[in-house]
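In: let me see the structure of the following:
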Amino acid sequence: MAIPIIMTDASCDLPGSFMEKNNIPFLGLMCHFKNKDYEDNFGKSLSYEEFYKGLENGEIPYTSQINEYRFTEKFKELLKQKRPIIYIGMSSGISGTFNSSKLAKNAILSEFEDADITLIDSKSSSIGLGILVYYACKMAQQGLSKDEIVNWVNNNMLKMNHWFVVEDLKHLKRGGRISSSKAVIGTLLDVKPIIYIENEGELKNVTNVRGRKKAIKYLVERFRERALDNKNQVIGISHGNCIEDAKLLKNIIEREFPNNKFIINTLGMGMAAHCGSGMLSLCFLGNKR
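Out: A predicted model of the protein is given here:
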């Protein structure tokens, strides 16, 4: 039985070292920044440091979805290994990228009828998507079949909780992810919007919390309230160049709920263009979203 290939988007925000070590193929959104185009590829084409420095200096990034052509070329390249491909993509409720993967698959099947490509719209993004990819990768390494991995992801993706605190909503408003009326609250003094991803995979402004410490406390309370298993699971924390807050969040949860594995990573260009500096997210498997 051929070991399935687990493929994803760079928007999964897993550490680049993990992607390389586990040979996980990916494609990244393109980001127009400082009059140049860069692929979101875990800080290789443009370092996290330079990107966030630009954001803080007022630079405005623009992203474009991964197109059909890039998916077609990537799928064809991977099919040469004669292994089934499982592509776990970022939510179609956030980006048109997943639709590009469907167009590419259909084009390939018209040419190669036996191409084994499974597409999963994860309804997730950032490190939430990353955790699903992490589990899928480990299952493939343990010898689980394509069907077993696909079934696990499909059965668990709507249990993946995504909770984000952002400094303001201007980036989400500009990208069309949040309405202008919702974005107004982001201008209020010391108000931190809390965003989550609902079942259709879209971003929702669920509440607003005054002060950063209270916002971090709110994230911890969501874990305490919703975690499927408060030990022995993988907890993801991504951050928009605020590593100290990410470490603080980890330490608070770890003190109360030891024996979990944490993955902490910087938010890549694809997501940071819409969330901005100072974004802090907590993602974990819960009873439901």
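In: wait, residue 109 sits on residue 115?
Out: Yes: here residue 109 reaches residue 115: they are 5.8 Å apart, a contact under C-beta atoms under 8 Å. All C-beta spots, glycine's among them, are computed from the backbone N, C-alpha and C.
In: if you count what's nearby, which of these two comes out ahead?
Out: Comparing residue 109 with residue 115 by other C-beta atoms under 10 Å, the one with more neighbours is residue 115, at 16 against 12.
In: would you check that the more buried one makes contact with residue 104?
Out: No: at 10.6 Å, residue 115 and residue 104 do not qualify as touching, with contact defined as C-beta under 8 Å.
In: for the chain, give me the ranges with low pLDDT.
Out: The chain contains residues with pLDDT under 70 at 168-190.
In: now the helices for it?
Out: 16-21, 48-56, 68-79, 97-111, 126-141, 146-156, 170-174, 180-183, 212-226, 243-256, 269-275 (DSSP state H).
In: redo those as a markdown table? Include distance to residue 234.
Out: Listed next are the helices of the chain as a markdown table, based on distance: least, C-beta to C-beta, whole Å:
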| stretch | distance to residue 234 |
| --- | --- |
| helix 16-21 | 11 |
| helix 48-56 | 22 |
| helix 68-79 | 25 |
| helix 97-111 | 23 |
| helix 126-141 | 5 |
| helix 146-156 | 12 |
| helix 170-174 | 26 |
| helix 180-183 | 31 |
| helix 212-226 | 13 |
| helix 243-256 | 12 |
| helix 269-275 | 19 |
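In: what's the closest of those to residue 285?
Out: Using C-beta to C-beta as the measure, helix 146-156 is the one of the helices of the chain that comes nearest residue 285, at 6.4 Å.
In: contact partners of the closest one?
Out: For helix 146-156, contacts defined as C-beta atoms under 8 Å, 6 or more residues apart in numbering pick out 4, 6, 84, 86, 88, 116, 118, 120, 122, 132, 135-136, 139-140, 144, 285.
In: narrow those residues to those that are buried.
Out: Among the contacts of helix 146-156, those buried by neighbour count (16 or more other C-beta atoms under 10 Å) are 4, 6, 84, 86, 88, 118, 120, 122, 132, 135-136, 139-140, 144, 285.
In: gap between the closest residue to residue 70 other than its chain neighbours and residue 47?
Out: Distances taken as C-beta to C-beta, 6 or more residues apart in numbering place residue 27 nearest to residue 70, at 5.7 Å, with adjacent residues excluded. Distance of residue 27 to residue 47, given as C-beta to C-beta, to the nearest Å: 20 Å.
In: again with residue 39
Out: 13 Å.
In: between the two, tell me which one has more neighbours.
Out: Comparing residue 39 with residue 47 by other C-beta under 10 Å, the one with more neighbours is residue 39, at 19 against 10.
In: pretty sure that one contacts residue 33?
Out: No: the criterion here is C-beta under 8 Å, and residue 39 misses it with residue 33 at 11.2 Å.
In: quick one on the thing from earlier: which of the helices of the chain is buried the deepest?
Out: Compared across the helices of the chain, helix 269-275 shows the largest average neighbour count, a mean of 26 (mean count of other C-beta atoms under 10 Å).
In: and it, how far out from the chain middle?
Out: With C-alpha atoms, centre = their mean, to the nearest Å as the basis, helix 269-275 stands 10 Å off its chain's centre.
In: and the residue nearest to residue 70, how many neighbours?
Out: As a burial measure, residue 27 scores 24 neighbours (other C-beta under 10 Å).
In: over to the one 5 residues further on?
Out: Using other C-beta under 10 Å, residue 32 has 14 other residues around it.
In: now it: how far from residue 122?
Out: 25 Å.
In: relative to residue 80, how far out is the residue most central in space within the chain?
Out: Nearest to the geometric centre of the chain sits residue 126, at 1.6 Å (C-alpha atoms, centre = their mean). Here the criterion is C-beta to C-beta. By it, residue 126 lies 31 Å from residue 80.
In: what does the domain assignment say about this structure?
Out: 5-157, 159-285 (automatic domain parsing).
In: mind listing what the residue nearest to residue 70 touches?
Out: For residue 27, the contact set (C-beta under 8 Å, 6+ apart) comprises 9, 10, 66, 70, 71, 74.
In: with residue 100 instead?
Out: 65, 66, 67, 68, 70, 71.
In: do residue 241 as well
Out: Contacts of residue 241 by C-beta under 8 Å, 6+ apart are 48, 52, 55, 266, 267, 277, 278.
In: for the spatially closest residue to the third one that is not a sequence neighbour, grab the count of nearby residues.
Out: The shortest distance from residue 55 to any non-neighbouring residue, by C-beta to C-beta, 6+ apart, is to residue 277 (5.2 Å). Other residues within reach of residue 277, judged by other C-beta under 10 Å, total 19.
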